[in-house]
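J.: 3D, please:
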Amino acid sequence: MIETELAPTVAPAQDSAGPPIKAFPQSDPPVKSGLRRSTKIALIVVAVLSLLEVAAFAGTYALYTRHYVSTDNAQVDGDQIVINAPATGNVTDWSISEGSTVRDNQAVGRIQAVGSGAQPKRAVRSPGAGTIAVNAVVEGQYVTEGTTLAAAYDPRSIYITARVADTDIGGVQLGQPVDIAVDAYPDADVSGVVIGIQAAAAGKLTIFPSLDADPTNPQKVDQYIPVKISISNYDGARLLPGMSVAVDIRR
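T.: Purely as a prediction, here's the structure:
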């Protein structure tokens with residue numbers, strides 16, 4: 001009978017200095033972080049488009065300023081007709097309101113003196129023809145002599161006063177056409193013509209510098225030259241003194 005000899009069982013090797021060493025599975029190599037190629041291309045496209053927009057805006061602005069002198073520091077103006085009280089007393093027979101039309105030397109009311117017995121009345125007359133823009137009193141109100149009762153403007157004398165920076169005034173000349181944008185009438189195509197350029201600026205050097213400036217040096221303030229513009233086309237807009245506008249003066 002043949003006997004089979006079993007192979008001896010071999011115990012795992014042990015380090016004499018400690019417990020057996022266990023083998024761990026090898027991990028995958030780390031994946032490199034970064035943007036995908038498509039993302040990089042998209043970012044480049046966005047950057048190029050942004051640069052093109054900036055360049056286009058700068059080019060448009062440069063071309064625009066070559067042909068126009070623009071300012072939004074402007075308003076509707078006019079020669080004011082002031083109606084004052086000729087005496088002290090109560091306002092009576094007041095016949096006007098805002099929007100009323102008055103004639104030169106027209107009686108618009110009376111002032112009755114205050115006191116016992118019958119008191120005389122003095123007529124209140126308009127010193128010129130125009131449309132009432134401000135009505136400051138009501139029937140029966142007590143006023144003193146010289147008080148402003150109302151103010152009117154002649155629609156034929158309405159104009160635009162535009163304040164142009166002194167650095168741009170060299171591009172403004174008499175007779176230049178003007179495009180006018182009225183805040184109250186954004187759709188109106190109002191236009192005019194330059195008829196006057198004031199000879200002096202509205203600003204000068206000041207000896208009172210700002211708090212964050214060198215106190216030993218005088219500071220230059222912004223200077224503006226008032227430009228008078230007549231209105232040639234109203235396009236249905238009812239312009240009243242004090243209205244804000246923006247103007248583009250064609251070079």
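J.: do you know the pLDDT at the residue nearest the centre of the chain?
T.: Centrality entry for the chain: nearest residue to the mean C-alpha point is Asp72, 6.4 Å, by Cα atoms, centre = their mean. Asp72 carries a pLDDT value of 93.
J.: which element is it on?
T.: Using DSSP states H and E, Asp72 sits within strand 68-77.
J.: who does that strand touch, helix- and strand-wise?
T.: Secondary-structure packing of strand 68-77 (3 or more Cβ pairs under 8 Å, 6 or more residues apart in numbering; DSSP states H and E): strand 159-165, strand 244-250. In this view, the C-beta of every residue, glycine as well, is placed from N, C-alpha and C.
J.: buried ones in the helix or strand following it?
T.: For strand 68-77, the succeeding helix or strand toward the C-terminus, using DSSP H and E, is strand 80-84. By neighbour count on 16 or more other Cβ atoms under 10 Å, the buried set for strand 80-84 is 81, 83.
J.: how far away from the center of its chain is the helix or strand following strand 80-84?
T.: Next helix or strand after strand 80-84 toward the C-terminus (DSSP H and E): strand 89-92. Distance of strand 89-92 from its chain centroid, counting by Cα atoms, centre = their mean, to the nearest Å, is 42 Å.
J.: what does stretch 238-251 give?
T.: Distance, centroid of stretch 238-251 to centroid of chain: 13 Å (Cα atoms, centre = their mean).
J.: kindly report the same for stretch 103-118.
T.: Distance of stretch 103-118 from the chain centroid (Cα atoms, centre = their mean) equals 44 Å.
J.: now that stretch: average pLDDT?
T.: Stretch 103-118 comes out at a mean pLDDT of 92.
J.: any idea how far apart the tips of that stretch sit?
T.: Distance between the boundary residues of stretch 103-118 (Cα to Cα, to the nearest Å) amounts to 30 Å.
J.: contacts for it?
T.: Contacting residues not belonging to stretch 103-118 are listed as 83, 85-96, 102, 119-129, 142-143, 149-150 [Cβ atoms under 8 Å, 6 or more residues apart in numbering].
J.: try 7 Å
T.: 83, 85-87, 89-96, 102, 119-126, 128-129 (Cβ atoms under 7 Å, 6 or more residues apart in numbering).
J.: could I get the contacting residues of Pro177?
T.: Taking Cβ under 7 Å, 6+ apart, one finds 191, 193, 250 in contact with Pro177.
J.: over to Thr88?
T.: Thr88 touches 144-145, counting by Cβ under 7 Å, 6+ apart.
J.: go on, the one 3 residues further on?
T.: Each residue near Val91 by Cβ under 7 Å, 6+ apart is listed here: 109, 111, 137, 139-141, 143.
J.: and it, how far from Val182?
T.: 34 Å (Cβ to Cβ, to the nearest Å).
J.: coming back round to it: for PyMOL, write a command that selects the buried ones of the contacts of stretch 103-118.
T.: The following PyMOL line selects those of these that are buried, judged by 16+ other Cβ under 10 Å:
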select buried, resi 83+85+87+89+90+91+94+96+102+121+122+124+125+126+128+129
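J.: residues of stretch 132-142 that come out buried?
T.: Neighbour-count burial for stretch 132-142 flags 132-135, 137 (criterion: 16+ other Cβ under 10 Å).
J.: any chance of the residues you listed in CSV, with pLDDT, distance to Tyr234 and secondary structure too?
T.: Output for the buried residues of stretch 132-142, formatted as CSV (pLDDT from 0 to 100; distance: Cβ to Cβ, whole Å; DSSP: H, G, I helix; E, B strand; the rest coil):
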residue, pLDDT, distance to Tyr234, secondary structure
Ile132, 92, 19, strand
Ala133, 88, 16, strand
Val134, 91, 21, strand
Asn135, 95, 24, strand
Val137, 96, 30, coil
